[in-house]
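# sharing a model that was predicted from the sequence below.
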Amino acid sequence: MNRLLPFIGFMLLVALFGFGIWWNTQHDQSAIPSPLLNKPAPAFNLPKLYEPAQTVSKADLLGKPYLLNVFASWCIECGVEHPVLEAEGPSLGVLLVGYNYKDAPADAKRWLAEHGNPYNELIADESGQTAIDFGVYGAPESFLVDTKGVIRYKHIGPLTPDVVSQQLKPAIAAMLKEAK
Amino acid sequence: MSRPASGLLRVLMLVALLAFAGFAHAQAIEPMPFANRTQEVRFQHLTAQLRCPMCQNETLADSNAPIARDLRNQVFKLMQQGKSDEQIKQYLVDRYSSYVLYDPPLNRGTWLLWFGPLLILLAGAGVVLMAIRKRNRGNQMPAGPEPAENGDDW
């Protein structure tokens, strides 16, 4: 038995090492869990991208559940996410609100003209000031907000078909069921 | 700023980052309109205790990421409003979680982080204690021929 001990110790270390590798493939190490989850979304009042004279506030959207999608023309992965939003957006059952983050309006419009515009509503946060209240630290990020203005789900990084079917759609279904 | 998914992209970005590392660092901290030297020292001290949420291994003071710049400006603004260091930290924790603190608070989610090393130390002490006891018992055996090699003296 004593002769086996070093080998057992070694195998335990191998197991720990393997677990570490497995864990890291399952989890996005750059995603920080948001403290805003299941809390009221911060108040905001931002100009529309296409009609900067008009603004959209949190109060304007109360009563309508929506997916707030933070994107920017400089964000490479937003280009990866965009076709998913185009394909899945209309069938989500909630409004799709585009949140143009730290972007020049001209760049954002050019980008949307090129990639298509899946958004029901488009707001622009050129300075990124309001985004700090949302705890945004990059793009893309997506927030699911319910009829009462509470954040129900957050995804950091691009929405992939897998994320949409396995996380976002169940979260929307649970939210709509509860609202009934 | 966006999160690279492919390995190749990661490598390319790393190469680019390394190539521009010195340049980026030289640009990292833009001058701020501090009222006096005390305020500047306080700002530097505070931002050095806060972690950039994007780059994760850099402090707010060191990082050149756009979000770090925005948060530095925010810290500066809050200082001008007369907020204390604790209030400013709480402001960031409310938005970005305690992740932004380099000195994590002691709570349910972090007790293992705080006491894990102590637990491992205690476990190690236990093993050593057991080994010593075993050896002492061996010494109390009546004198006789050397005990046969049993392979446990590794």
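That came in fine, so what should we check first?

# C-alpha from now on. contacts and neighbour counts both.
Fine.

# point out where chain A drops to low pLDDT.
A:1 (pLDDT under 70).

# for B:V100, see how far away the residue in chain A that chain B sits nearest to is.
Taking C-alpha to the nearest C-alpha, chain B has its nearest neighbour within chain A at A:G135, 4.6 Å off. Counting by C-alpha to C-alpha, to the nearest Å, the gap from A:G135 to B:V100 is 11 Å.

# can you check A:A31 too?
Taken as C-alpha to C-alpha, the span from A:A31 to B:V100 is 13 Å.

# these two: who's more crowded?
The neighbour count for A:A31 versus B:V100, taken as other C-alpha atoms under 10 Å in any protein chain shown, is higher for B:V100 (21 against 14).

# surely the more buried one and B:C52 touch.
Yes: with contact defined as C-alpha atoms under 8 Å, B:V100 reaches B:C52; the gap is 6.5 Å.

# low-confidence ranges, chain B, go.
Judged by pLDDT under 70, the stretches of chain B that qualify are B:1-6, B:17-30, B:139-154.

# residue of it closest to chain A, please.
Closest point on chain B to chain A, by C-alpha to the nearest C-alpha, is B:R95, at 4.6 Å.

# hang on, that residue in a strand?
No: checked against DSSP: H, G, I helix; E, B strand; the rest coil, B:R95 lies outside a strand; its state is helix.

# quick check: which element contains the closest residue to it other than its chain neighbours?
Nearest residue to B:R95, sequence neighbours excluded (C-alpha to C-alpha, 6 or more residues apart in numbering or on different chains): A:G135, at 4.6 Å. Following DSSP states H and E, one finds A:G135 outside all helices and strands.

# spit out the contact partners of the spatially most central residue of chain B.
By C-alpha atoms, centre = their mean, the mean C-alpha position of chain B lies nearest to B:Y102, the distance being 5.3 Å. Applying C-alpha atoms under 8 Å, 6 or more residues apart in numbering or on different chains, we find B:Y102 in contact with B:49-51.

# looking at those residues, which is nearest A:Q166?
B:R51 (31.3 Å; C-alpha to C-alpha).

# who's in contact with residue 85?
Just so you know, I chose chain A. The contact partners of A:L85, by C-alpha under 8 Å, 6+ apart, come to A:118, A:159.

# meant chain B, my bad for not saying
B:L46.
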